[in-house]
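Undergrad: I'll drop the sequence and a predicted model, then ask my questions.
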Protein chains: 2
Amino acid sequence: MLRQFMHTTLRNLLTIWALATSFSSLAAHPNLVITEADVAQMRAAIQQPGRFSDAFHKMQTRVDKEIAQPIRVPVPKDGGGGYTHERHKKNYQQMYNAGVMYQLTQQAKYADFVRDMLLAYADLYPTIGLHPKRKVKAQNPGKLFWQSLNESVWLVYTIQAYDLIYNSLSQAQISKIENQILKPVALFLSEGQPSTFNKVHNHGTWATAGVGMAGYVMNQPEWVEKALYDLDKSGKGGFIKQLDVLFSPQGYYTEGPYYQRYALMPFVTFAKAIDNNQPQRHIFEYRNGVLLKAINTTIELSYAGLFFPINDAIKSKGIDTSELVAGVTVAYGLTQAPGLLDIADKQKQIILTGDGLKVANALDKHLEKPYPFSSIAFGDGSDGKQGALVVMRSQLGGDQALLFKPSSQGMGHGHFDKLTWQYYDHAEEIVSDYGAARFLNVEAKYGGRYLPENTSYAKQTIAHNTIVVDETSNFGGDVDLANQHAPTLNYFEAGSFGSVSNAEIRSAYKGVLLQRTLALVKLPELGQSVALDIFDVNSDDKHQLDLPVHYQGQLIDSSFVIDVNTQSLKPLGQNAGYQHLWLKGQATPESGLARVTWLNKNGRFYTQTSLVSGDETFLFTQLGANDPHFNLRNEQAFIRRVKHTSNHRFISVLEPHGDYNPGKEYTLGATSNVQTLDVHQQGDLTLVNLKMAGFSYLIVINQDQKPDANLERQFTYNKQPYSINGRLTVYLLNQGQDK
Amino acid sequence: MLRQFMHTTLRNLLTIWALATSFSSLAAHPNLVITEADVAQMRAAIQQPGRFSDAFHKMQTRVDKEIAQPIRVPVPKDGGGGYTHERHKKNYQQMYNAGVMYQLTQQAKYADFVRDMLLAYADLYPTIGLHPKRKVKAQNPGKLFWQSLNESVWLVYTIQAYDLIYNSLSQAQISKIENQILKPVALFLSEGQPSTFNKVHNHGTWATAGVGMAGYVMNQPEWVEKALYDLDKSGKGGFIKQLDVLFSPQGYYTEGPYYQRYALMPFVTFAKAIDNNQPQRHIFEYRNGVLLKAINTTIELSYAGLFFPINDAIKSKGIDTSELVAGVTVAYGLTQAPGLLDIADKQKQIILTGDGLKVANALDKHLEKPYPFSSIAFGDGSDGKQGALVVMRSQLGGDQALLFKPSSQGMGHGHFDKLTWQYYDHAEEIVSDYGAARFLNVEAKYGGRYLPENTSYAKQTIAHNTIVVDETSNFGGDVDLANQHAPTLNYFEAGSFGSVSNAEIRSAYKGVLLQRTLALVKLPELGQSVALDIFDVNSDDKHQLDLPVHYQGQLIDSSFVIDVNTQSLKPLGQNAGYQHLWLKGQATPESGLARVTWLNKNGRFYTQTSLVSGDETFLFTQLGANDPHFNLRNEQAFIRRVKHTSNHRFISVLEPHGDYNPGKEYTLGATSNVQTLDVHQQGDLTLVNLKMAGFSYLIVINQDQKPDANLERQFTYNKQPYSINGRLTVYLLNQGQDK
């Protein structure tokens, strides 16, 4: 008892002492992402069958092959993709993995491999200057690499590898490695390039992460302070400032999920190292736990395992990317949230760290539960008020997601697509975004870089599902101008009736107010949800308005006759992306409901029913004009066009229906169930009468945009009294008796 | 011991007696596909956990719902797809399933349901005449259905349902049901429509199956004889004649696998009933076991679970169709082949029969082994000599299949595609066939029938990967003419070097000999296979020759500059399918190697390298012109065109390569490895020098077309002696040293 007391007291005292001294020169190794305590547990785990042990053996096989090769540390010569560039990239990965193997197996050969490679770098580095292939005007040249971003990544991995084998080294080796390579690199990336190191930008995150971690390992507390708070320790730059600025309060990164998962990597790695070395900083709790939010936001911004492809995104990126594997692993280590295990299970990768062991053990015990995807508005910008990215989800009638994008431009990779939307159902894109025009690393396709068509088409407004005024893109396609203006999210609400949101922007087109209401409305009597879209355009002058729907699938039917260009095709326009669209046909449906039905590869039909008054022309297009190198996918769209108008309300409802199963030889519900679509405005209230399959619904949306408005309303519809308290209510007006 | 002897002797005597009396009036029930002995085992099996029990419980849940509904036997009124049509189709399925449930559970409610429905039919049938929606000119009207085909199917199911509940019925019920419905239907389908009943055609198979099974159940041996040997028992028609004529000796059905699996159903069902009632007929051994061959051929004619889509096939049909489930189940019952279990496992359906129980038990014990897919030439026509359908497979470098089609026309659903080919790799179509232009049962798409574009495009020669002479289809698109002429399969060989085949046809175009050699060649040093294509055209007069490659994927690169029509598109021609092709661009590559590379959705690159001499123009097309209803998929092709020529040899090699993985951010091997492609003819021998990635191969094909030719040859190449004994040999000329 006394002994137990003494023991506890001693431990407490030691803890207090550790906190007080912040971090000491007697630092243990390893102690970055992987700690000594982790290692003990990991060594035990690899003796037992299970996911962790499987991952270890797989990695050991790989590392054994790698360390059997001669060490190659070539003089830097090539730019991105070239031999020396790729070699130095491989080297840091191999050093890190061999370092982990050393800790897990305690076999000298792994440490020797890392040691010898580090010594080779120590020999090389003092002999080289700036990289010969550095870009002339760029502010951030590297030495080992053509740009310092790669050098920062090199340091992040290499300092961890060094930490992992530190205990195997002699003092002479330590001295040579630290003085001839690790410290010079860290100094080069910090004092040597202040503009990048202090920059509140992803490049700065990698630099501060590398330098800060080097500070922990090589006992340079000043480096840590500078990494966290700017070279001058003012807090104007540095990792903490990056945490303040680069994510919104909801953890959204303005370039979108494709870039967010990439940005996450240095944040998560450095934060984990900070937490292990200086838990008193409570880095994961900083800004209401913004880093954990950022990890979860990245997950939330996916559908069927793939990220929503906004901005310059490549569509096949998803939750199984290595960066998000690292993020989910650390987040699980912190939270033990069973939903994260669901994601980890789908990622099918176990990381050889302490947190990776926790994930592996939990998955071995089948502790995972479905990730609780939610309907949510992610505020954009540091303050969360530069517009928002809105996700609406419904499970009624299958897994559906509606993405509404009244977000800010998202910098250079942003698209001119204010207030666009995307719609997903049954694991497929239905109303889609082109994403980036790029074949990553395919040399024949413009060197694997962004294609010229990325600018001439994919970024342009017409490539998205939102209004184009007078055949020009938002902000005239000026990215600097676009970066200065964000839409306003007027409201978002998710509840038992579904989700609804409204946003507006006045600056995308001079003198034109664009305001869109999108709702994913649940209709439980029909066992399904529908997407309601009301897009208001108001301006002083008359304009041409185009509203595209980029649909995925085969056109099946329309309620009106399309005048199809069967004998020749011409581009729809000459600029702003229009030059890439072949005009396949057109029609001007009569006043009433105008239906377009298509069949997606998921075997379901989709009908967009538009309420028109005879002034909308429907243009049917196919992508591929002015595409001399076959760079574009030949996708389909229809564009609703109104000419010479100053005010127009585009109204439509999108409805999934039916089942096409030629394999089993049946087709069900191939035609739309929408019978009536009427929209009235009653003050703030938008009243939508939607009759489907005999069921007559009154969908009520409260559009009051006053801040902190009281949302309770009484109103009369067809002489009957109704009420709403909130943004969205749905009344069933009948019992489907007249089906 | 004595008792045992007596027992055995008695059993033998009984067996002899049973064979002698053929089948008696004391027939047991049930005794068609399901026998009394089966039932005993099935009843035991549903008491045990396992696949059979699972399937039983699933079916019971379904049947319980169905029998809870009121019985509806409406007066026939509607044609195909209409209410009464669909109702009567559902009725026979429900009766059959309820009958099975009765046998398995012995619960009266199931038998009562079947009984009451049969009695309702017995009340209805005497009151109706020919169906009001029968087609005026058709020779085969039904009574319950608009065509007698449906009525035959009705009888096949209903007679089984009756057999299954027979023992529950009173003599009065038996009398009413047999005399007022079952016998009248059987007589209507036999004596009442001799032209259909005797027809050697799938409609005849259904009719004879129904009537023959009715003969077994209702003790009418004469009906069985007529079903087997024609109404006049001459053997000119009937089931046996159908077995003689409708399948080739290799078990191939001339319309192709999509229709073959449908045709199988009545064959398998009736044959199983014959085998159970009259095993002495050895029906499954008939014609060297042609029925088992037909089942296996249907499996062999699939890739990645889907049937090769030749002729009017809908692409999503595959091995999991109910007809092939029935076929595989019966075949497994007869053979216990573990490869069939592999297919049954992928079908994920257990049938509630005795054979279904065998399948379920074997799968429960994991006895399945991979189905031994092979390279094989399936002779076409009753004699197997009306051309052939050739399948070549390779597992070297991933699962690949090459389908070569020098088959006969395949009747009304056949396409004008003599000597076409298709190529598959890594689970996807690479060089593809359009299949049928049809959206099955989608009312808005031409009533769900074959679309007009099926005739104007999909059947036309240009829609396939074979030569079109002077922009006209084979046989001028005349199906009657086409049915009279088949190509000649000159040879087929599969061996350690790969597979090779050659076929020719002189009748597809007057005065033009088309001869094609296709080979799937294994290159073990490169760990891959390539497809070699040599297409010779020889004619007296000068013609325009077009050879399309319908490729699946995005065009990545070509070794020549394409003159692309960026500002307007026009159809390539006016007739024979050409009117549906937009001409996107053209090029006339210089003499040498002309490469076209595309990227498939499976993430691999494919390069077709053509050896040209400056006289071939490459036309790049996209499907979709003259398509006023958006009925066509907008697929891509390139067409090699030579004008004003009487003799031309088209030479090419198709090579899969690389890996495009934007999700993991890497791209490997995006460019072709073909460095040299030279072809020389040395007498009968075609010598192909193919140099890839530094390895120089000599591919030798012996084209000797004399019957029973001695295939051994000595020859000299580059002053070195070589030999071949067979059709295909591959020599590695170097060791890849100059890579």
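TA: The structure has been received and is ready for your questions. Numbering: from 1, shown residues only, chains lettered A, B, ... in the order given.

Undergrad: and the nearest residue to residue A:677 once chain neighbours are set aside, what are its bridge partners?
TA: Nearest non-adjacent residue to residue A:677, counting by Cβ to Cβ, 6 or more residues apart in numbering or on different chains: residue A:611, 4.9 Å away. C-betas here are computed from N, CA, C, even on glycine. For residue A:611, the beta-bridge partners are residue A:593, residue A:651 (DSSP bridges).

Undergrad: separation between the residue nearest to residue A:125 when sequence neighbours are not counted and residue A:79?
TA: Excluding its sequence neighbours, the residue lying closest to residue A:125 (Cβ to Cβ, 6+ apart) is residue A:181, at 4.7 Å. Going from residue A:181 to residue A:79 by Cβ to Cβ, to the nearest Å gives 22 Å.

Undergrad: cool, and residue A:285?
TA: On the measure of Cβ to Cβ, residue A:285 and residue A:79 end up 41 Å apart.

Undergrad: looking at the two, which one has more neighbours?
TA: Neighbours per residue (other Cβ atoms under 10 Å in any protein chain shown) separate residue A:285 from residue A:79, with residue A:79 holding more: 16 against 13.

Undergrad: residue boundaries of the strands in the stretch 51-200 of chain A?
TA: Assigned by DSSP state E, counting those that start in this stretch, the stretch 51-200 of chain A shows no strands.

Undergrad: hmm, I was thinking of the stretch 251-400 of chain A
TA: Shown for the stretch 251-400 of chain A, the strands assigned by DSSP E, counting those that start in this stretch span residues A:302-303, A:306-307, A:376-379, A:388-394, A:400-405.

Undergrad: just the buried positions in stretch A:93-102, please.
TA: Under the neighbour-count criterion of 16 or more other Cβ atoms under 10 Å in any protein chain shown, stretch A:93-102 has A:94, A:95, A:96, A:97, A:98, A:99, A:100, A:101, A:102 buried.

Undergrad: is that stretch up against chain B anywhere?
TA: No - for stretch A:93-102, no contact with chain B is found by Cβ under 8 Å from any Cβ of the partner chain; the gap never falls below 12.9 Å.

Undergrad: and the contacts of that stretch?
TA: Contact with stretch A:93-102 is made by A:30, A:34, A:59-60, A:62-63, A:66-67, A:107-108, A:110-111, A:113-114, A:117-118, A:157-158, A:160-165, A:168, A:352, as judged by Cβ atoms under 8 Å, 6 or more residues apart in numbering or on different chains.

Undergrad: just the buried subset of the residues you listed, please.
TA: Among the contacts of stretch A:93-102, those scoring as buried are A:30, A:34, A:59-60, A:63, A:66-67, A:110-111, A:113-114, A:117-118, A:157-158, A:160-165, A:168, A:352 (criterion: 16+ other Cβ under 10 Å).

Undergrad: run a quick neighbour tally on the nearest residue to residue A:509 once chain neighbours are set aside.
TA: Nearest non-adjacent residue to residue A:509, counting by Cβ to Cβ, 6+ apart: residue A:469, 4.4 Å away. Residues lying near residue A:469 (other Cβ under 10 Å) number 20.

Undergrad: show me where pLDDT drops low in chain A?
TA: Across chain A, the ranges flagged by pLDDT under 70 are A:1-27, A:736-739.

Undergrad: mind redoing it with 90?
TA: Along chain A, the parts satisfying pLDDT under 90 run over A:1-27, A:79-82, A:133-140, A:263, A:316, A:441, A:447, A:662-667, A:705-709, A:735-739.

Undergrad: how is it partitioned into domains?
TA: Taking automatic domain parsing as the reference, chain A has its domains at A:35-245, A:247-373, A:383-671.

Undergrad: so the residue nearest to residue A:509 versus chain B, what's the distance?
TA: Note on residue A:469: its distance to chain B, by Cβ to the nearest Cβ, to the nearest Å, is 25 Å.

Undergrad: residues in contact with that residue?
TA: Residues near residue A:469 by Cβ under 8 Å, 6+ apart: A:508, A:509, A:512, A:537, A:539, A:543, A:544, A:545.

Undergrad: those in strands, which ones?
TA: Of those, the ones assigned to strands by DSSP state E are A:508, A:509, A:512, A:537, A:539, A:543, A:544, A:545.
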